[in-house]
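> Predicted model, plus sequence, below.
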Amino acid sequence: MKRKLGIKGVYYEQRRNTKKSREENRHGDELEKAKKETALNNGYFIASLFLSLLAIGNVIILLFRHYKIFSKRIDLADVLWFIIFLSSAIEYGTKYVYLKQKRDLFIMIFWLLGLAGCLMSIAKS
């Protein structure tokens, strides 16, 4: 059964649907939440990957330290800062790609500058 609403009725229906939609999405859009979570997971994955590589590298160094294969010493703090900068840059880069917010782009550039400084510190030592 069709209802004839007229112009005022259509306007009322649109306002009611808009209000209902706002109430459903007041805690945020589900797709946007999923994209933010994916970006965060990418950052965590990179951090855990590099920490795992660091642990494996330490085991290799302990096994071969008598053979003087690894003569260069790298400060652990520099490596940990490298991991933090890289994982944060990847997180905000992914957020920028998904959400297209300029704020995320500027934050990613900040983390990349820190990463460049950290790489220079590692290369200098």
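Thanks, I have it.

> burial measure for Gln101, as a count.
12 (other C-beta atoms under 10 Å). Every residue, glycine included, has its C-beta placed from N, CA and C.

> Ok, the one 10 residues further on next?
For Trp111, the number of neighbouring residues by other C-beta under 10 Å comes to 20.

> Skip the chain neighbours and tell me the closest residue to Gly43.
Glu91 (3.1 Å; C-beta to C-beta, 6 or more residues apart in numbering).

> burial measure for the one you found, as a count.
By the measure other C-beta under 10 Å, the count of residues near Glu91 is 25.

> now Ser88
There are 20 residues near Ser88, going by other C-beta under 10 Å.

> ok, now Leu99?
Using other C-beta under 10 Å, Leu99 has 14 other residues around it.

> Give me the most central residue, this protein.
Centroid check for the chain by C-alpha atoms, centre = their mean gives Glu91 as the closest residue, at 1.3 Å.

> Tell me who's in contact with that residue.
The contact partners of Glu91, by C-beta atoms under 8 Å, 6 or more residues apart in numbering, come to 39-40, 42-43.

> Mind pulling up the pLDDT for it?
You'll see Glu91 listed with a pLDDT of 86.

> Now it: which helix or strand?
Following DSSP states H and E, one finds Glu91 within helix 76-99.

> That helix: which residues count as buried?
78-79, 81-96, 98 (16 or more other C-beta atoms under 10 Å).

> okay, it in PDB with CA atoms only?
Extracted C-alpha coordinates of helix 76-99, given in PDB (Å, rounded to 0.1, in the frame of the first residue of the first chain):
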ATOM      1  CA  LEU A  76      70.500  -0.900  20.900                       C
ATOM      2  CA  ALA A  77      68.700   2.400  21.600                       C
ATOM      3  CA  ASP A  78      69.200   3.400  17.900                       C
ATOM      4  CA  VAL A  79      67.700   0.100  16.700                       C
ATOM      5  CA  LEU A  80      64.700   0.400  19.000                       C
ATOM      6  CA  TRP A  81      64.100   4.000  17.900                       C
ATOM      7  CA  PHE A  82      64.300   2.800  14.300                       C
ATOM      8  CA  ILE A  83      61.600   0.200  15.000                       C
ATOM      9  CA  ILE A  84      59.300   2.800  16.700                       C
ATOM     10  CA  PHE A  85      59.800   5.400  13.900                       C
ATOM     11  CA  LEU A  86      59.200   2.800  11.100                       C
ATOM     12  CA  SER A  87      56.100   1.200  12.600                       C
ATOM     13  CA  SER A  88      54.600   4.600  13.400                       C
ATOM     14  CA  ALA A  89      55.300   5.900   9.900                       C
ATOM     15  CA  ILE A  90      53.700   2.700   8.400                       C
ATOM     16  CA  GLU A  91      50.700   3.100  10.600                       C
ATOM     17  CA  TYR A  92      50.000   6.700   9.700                       C
ATOM     18  CA  GLY A  93      50.900   6.100   6.000                       C
ATOM     19  CA  THR A  94      48.300   3.300   5.900                       C
ATOM     20  CA  LYS A  95      45.700   5.600   7.600                       C
ATOM     21  CA  TYR A  96      46.500   8.300   5.000                       C
ATOM     22  CA  VAL A  97      46.000   5.900   2.100                       C
ATOM     23  CA  TYR A  98      42.700   4.600   3.500                       C
ATOM     24  CA  LEU A  99      41.200   7.700   5.000                       C
END
